[in-house]
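Asks: After the sequence you'll find the predicted model.
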Amino acid sequence: MAKKGEHNYSATVVWTGNSGEGTKNYRAFSRDHEISCGEKPIIAGSADPAFLGDSSRYNPEELLLSSLSACHMLWYLHLCADAGITVSSYEDNAEGRMIETKSGGGCFDEVILKPIVSIGEEDDSELAQSLHKKAHSLCFIANSVNFEVACEPEIRCGN
């Protein structure tokens with residue numbers, strides 16, 4: 001049982017890419033897998049196509065980027081609601097960069113969130129802008145990574 005203020009999560013990842021030869025060699029298997037969390041719909045995953053993955057499936061790098069973007073958005077919407085700012089639309093075209101290392105691994109070295117937010121004409125656009133900084137400081141996912149997550153928001157009034 002979780003302690004107060006503690007939240008536990010679980011996910012199941014099942015490799016579905018055995019074409020009959022297992023991992024006999026690097027090119028003998030598919031990187032396809034399925035991600036599930038309880039009874040929610042299954043997410044079809046694979047590796048990035050650069051690593052022999054299926055481009056029609058989500059890869060871990062895209063899911064990390066999406067998690068950062070979604071967490072920031074959810075905090076931002078919460079803060080705007082608390083501040084009396086009416087957000088009518090929010091879209092983020094986030095970008096991230098992963099660098100391969102000499103050892104064959106890799107790591108993200110930056111992510112840039114680029115939210116475009118529409119607020120009411122009477123709302124305080126400066127406050128709306130500043131709430132992105134607060135959302136970033138509260139974001140569970142951004143606080144869990146070891147690389148820079150920048151935010152370049154655009155606020156549109158009266159849309």
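Replies: Received, thanks.

Asks: Show the subsequent helix or strand relative to the helix or strand of the chain with the lowest mean pLDDT.
Replies: One helix or strand of the chain scores below all others by mean pLDDT, DSSP states H and E: strand 12-15, with a mean of 91. Sequence-wise, the next helix or strand downstream of strand 12-15 (DSSP states H and E) is strand 33-36.

Asks: The next helix or strand after that following strand packs against which elements?
Replies: Moving toward the C-terminus from strand 33-36, the next helix or strand (DSSP H and E) is strand 43-45. Helices and strands touching strand 43-45, by 3 or more CB pairs under 8 Å, 6 or more residues apart in numbering; DSSP states H and E, are strand 33-36, helix 60-83. (C-beta placed from N, C-alpha, C; glycine too.)

Asks: and strand 43-45, which residues are buried?
Replies: Under the neighbour-count criterion of 16 or more other CB atoms under 10 Å, strand 43-45 has G45 buried.

Asks: Show me the contact partners of that strand.
Replies: Strand 43-45 is contacted from outside by V13, D32, H33, E34, I35, S36, S56, R57, Y58, N59, P60, L63, using CB atoms under 8 Å, 6 or more residues apart in numbering.

Asks: give me that answer again for 10 Å
Replies: With CB atoms under 10 Å, 6 or more residues apart in numbering as the test, strand 43-45 has contacts from 11, 13-16, 31-37, 53-54, 56-60, 62-63.

Asks: List buried residues within these.
Replies: Neighbour-count burial within the contacts of strand 43-45 applies to R31, D32, H33, I35, G53, D54, R57, N59, P60; the criterion is 16+ other CB under 10 Å.
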